[in-house]
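> Give me coordinates for this.
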Amino acid sequence: MLEDFPFEQETVSLQPDDVVVICSDGITEAMNPNQEQFSAERLSDAIRKHRDRPAQELIAAIVEAVKLHASSAPQMDDITLVVIKRKGVSRAGTTGRVLSMNGFRVDKKTRSLRNISK
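Alright, predicted model coming up:
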């Protein structure tokens with residue numbers, strides 16, 4: 001563990017239909033030819049759009065979104081993703097949460113990612 005690296009630790013119980021996405025900063029910081037980062041917002045959009053797909057397909061969809069964004073721009077960082085999905089029966093009328101980790105926290109009201117690393 002890096003001693004000078006700020007981090008938060010929290011225990012979260014996964015509920016049925018929850019999705020956990022853990023990624024390297026190479027995802028959110030992937031640049032396109034205009035030097036625009038893929039961003040946490042685009043990552044959140046991709047997760048929301050494909051969250052009902054199996055974990056492998058969700059990973060493939062996120063990687064494809066990053067590749068489309070990056071186009072021909074060379075990437076200087078790794079692109080690493082882990083997706084964990086808890087199966088089970090959720091309560092009627094509810095959907096699972098999306099939890100993401102990489103210097104971001106999930107805003108529980110909007111279910112969007114909030115950057116906590118800055």
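
> Now do the contacts for the closest residue to Ala30 other than its chain neighbours.
With Cβ to Cβ, 6 or more residues apart in numbering as the measure, Phe38 is the residue that lies nearest to Ala30, at 4.3 Å, once sequence neighbours are left out. Where you see a C-beta, it was placed from the backbone N, CA and C, and this is true even at glycine. Counting by Cβ atoms under 8 Å, 6 or more residues apart in numbering, Phe38 touches Ile27, Thr28, Glu29, Ala30, Met31, Asn32, Ala65, Val66, His69, Ala70.

> just for the chain, where's the confidence low?
Counting by pLDDT under 70, the chain has low-confidence residues at 1-2, 5, 7, 89-118.

> Swap in 50 and give it another go.
112, 116-118 (pLDDT under 50).

> Helices of that one, start to end?
Assigned by DSSP state H, the chain shows helices spanning 25-28, 39-50, 55-70.

> Out of those helices, which is the most enclosed?
The highest mean neighbour count among the helices of the chain belongs to helix 25-28 (a mean of 20), with neighbours defined as mean count of other Cβ atoms under 10 Å.

> That helix packs against which elements?
Based on contacts counted as 3 or more Cβ pairs under 8 Å, 6 or more residues apart in numbering; DSSP states H and E, the elements that helix 25-28 packs against are helix 39-50.

> Show me what the helix it packs on is packed up against.
strand 19-23, helix 25-28, helix 55-70, strand 98-101, strand 112-115.

> quick one: strands adjacent to the first one?
Each strand paired with strand 19-23, and its direction, by DSSP bridges: strand 81-85 (antiparallel), strand 98-101 (parallel).
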